[in-house]
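Novice: turn this into a structure:
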Amino acid sequence: MMNDIRGNANLAHKAHWEAKTGKLIEKNIVRNRLDDMRRRQAANLEQRKARLAELLAAEDRIYE
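Specialist: So this is what the prediction gives:
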């Protein structure tokens, strides 16, 4: 009987650990995806800024 109780306690502990680990893995995946999206958005913004700066410089040359 005591072995069954210890076995059930071990199974409960293992189930808790697996659930906690699963949530942590999911949280890290979401965080990594958000970081990647932010990096891509920042890179896209920098590209647009550079393109607009080129257009402005070209326009300035036309007016000069």
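Novice: which stretches of this structure have low pLDDT?
Specialist: Applying pLDDT under 70 to the chain flags no residue at all.
Novice: one more time with 80, if that's ok
Specialist: Along the chain, the parts satisfying pLDDT under 80 run over 1-5.
Novice: all helices of it, in order?
Specialist: 2-63 (DSSP state H).
Novice: in this protein, which residue is most central in space?
Specialist: Closest residue to the average C-alpha location of the chain: Asn32 at 2.3 Å, with Cα atoms, centre = their mean.
Novice: would you mind measuring from that one to Ile25?
Specialist: Plainly put, Asn32 is 11 Å away from Ile25 if you go by Cβ to Cβ, to the nearest Å. C-beta: built from backbone N, CA, C; applies to glycine.
Novice: just Glu46 next, same as before
Specialist: 32 Å.
Novice: ok, Arg38 next?
Specialist: For Arg38, the distance to Ile25 - Cβ to Cβ - is 21 Å.
Novice: for Asp36, give its distance to Met2.
Specialist: To Met2, Asp36 is 51 Å away according to Cβ to Cβ.
Novice: and if you look at Leu34?
Specialist: Taking Cβ to Cβ, one finds Leu34 at 48 Å from Met2.
Novice: please apply the same query to Lys14.
Specialist: Computed with Cβ to Cβ, the distance linking Lys14 and Met2 is 19 Å.
Novice: the more surrounded of the two?
Specialist: The neighbour comparison of Lys14 against Met2 (other Cβ atoms under 10 Å) goes to Lys14, with 10 against 6.
Novice: for the more buried one, give me its contacts.
Specialist: Lys14 makes no contacts at all, as judged by Cβ atoms under 8 Å, 6 or more residues apart in numbering.
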